[in-house]
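>>> I would like the atomic coordinates for the input below:
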Amino acid sequence: MKAITRKLLDSKMIGRAIIDRKRTVTSAVLLETRVIDKEFNTPLTPSALYSYYISICQISNYDLMADDKIAKQLGVTPRAVADNRRKLTKAGWIRFDKFTHKGRDYGTWYIGKGVVATNLATATTKDLYNLGIITEDEYIATVVLEEELKAESL
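Model (predicted):
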């Protein structure tokens, strides 16, 4: 195993992002950036942080609540990151769940108003597809599997 792979596997943070996967163009991010800017009546900060979260969330060992690390990358203060993260959370744009088990951090990052507003614990496969959390191929495969399981149980 490569050293970099071992380092990633031994990382203290393990996270999962739940985000709209139907996006195929960056203009969707730009549209949301404009909406966030208007909502907070600021030229850049909340939308820049939101865009940053979108761009980095698929890296599973990256802690989106590490304000110091994010602030350094964005060239702002940790306080600015924390304040804007709280604003985005309060407005329902993001929700970050994090816990520690046996010294390892685990996180689930919910990004996007639709995803944050939905109770994923009770969401159906169709709900997940409509939200863009699963792709069409994943949805079809799940429906086929569910039908096969029903047929077997009869």
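>>> how about low-confidence regions in the protein?
Applying pLDDT under 70 to the chain picks out residues 1, 4-14, 20-31, 34, 43-44.
>>> where do the strands sit along it?
Chain-ordered strands for the chain, with DSSP state E as the definition, fall at 13-19, 94-101, 104-111.
>>> Looking at the ones you listed, spot the one closest to K38.
Between K38 and the strands of the chain, the tightest spacing by Cβ to Cβ is seen for strand 94-101, at 17.2 Å. For every residue, glycine as well, the C-beta is placed using N, CA and C.
>>> ok now the closest one, how far from the chain's centre?
How far strand 94-101 lies from its chain's middle: 11 Å, per Cα atoms, centre = their mean, to the nearest Å.
>>> switch to numbering from 53
Done: numbering now begins at 53, and the last item shifts to strand 146-153.
>>> Give the buried residues for it.
146-148 (16 or more other Cβ atoms under 10 Å).
>>> Tabulate the strands of the chain (JSON lines), appending distance to T174.
As requested, the strands of the chain are arranged in JSON lines below (distance: least, Cβ to Cβ, whole Å):
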{"stretch": "strand 65-71", "distance to T174": "14"}
{"stretch": "strand 146-153", "distance to T174": "16"}
{"stretch": "strand 156-163", "distance to T174": "15"}
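>>> what about these, which gets the closest to T97?
Using Cβ to Cβ, the strands of the chain put strand 146-153 closest to T97, at 14.1 Å.
>>> and that closest one, which strands flank it?
Next to strand 146-153 in the sheet, as set by DSSP bridges, lie strand 156-163 (antiparallel).
>>> relative to strand 65-71, how tilted is the partner strand?
Angle, strand 156-163 to strand 65-71, by axes from the mean of the first three to the mean of the last three Cα atoms, to 10 degrees: 10 degrees.
>>> what comes into contact with strand 156-163?
Residues from elsewhere that reach strand 156-163, judged by Cβ atoms under 8 Å, 6 or more residues apart in numbering: 64-72, 102, 105-106, 109, 115-117, 145-152, 168, 172.
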